[in-house]
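[1] sequence unavailable; structure follows:
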């Protein structure tokens, strides 16, 4: 297994090198960004389930996509983009939820160090 619970050979849930570049190697800033991302991610599924319109679901997925890519969670960002393009397809929602869980696990592991 790789960091974040991905099968061996699969991309890591978080590109830690990308995040280090974004934070200029500042460990405190990295921890702050990851903590903020986790707080946002923890609310995402509930908000998505409660969203009453496709526009609201699109806005949530778009926000998650940007936040994910900013911290190097590229697989999650891609899953959010896929979901944006096909809101009605349940498998896209399941894939998005799976990538979100992987990113959360990787971040939790990183913050526990």
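    Sure, I can see it. Please read all numbers here as calculations on a predicted model, not as lab measurements. Residues are numbered from 1 along each chain as shown.

[2] the longest helix in this structure is where?
    Ranked by number of residues, the top helix in the chain under DSSP state H is helix 27-50.

[3] now that one: buried residues?
    30, 33-34, 37, 41, 44, 48 (16 or more other C-beta atoms under 10 Å). (Glycine included, C-beta is placed from N, CA and C.)

[4] give me the element the closest residue to residue 48 other than its chain neighbours is part of.
    Spatial nearest neighbour of residue 48, chain neighbours left out: residue 60 (5.4 Å); criterion: C-beta to C-beta, 6 or more residues apart in numbering. Following DSSP states H and E, one finds residue 60 within helix 54-71.

[5] quick check, nearest of the buried residues of helix 27-50 to residue 109?
    residue 34 (10.5 Å; C-beta to C-beta).

[6] give me the angle between the longest helix of the chain and helix 54-71.
    Here helix 27-50 runs at an angle of 160 degrees relative to helix 54-71 (axes from the mean of the first three to the mean of the last three C-alpha atoms, to 10 degrees).
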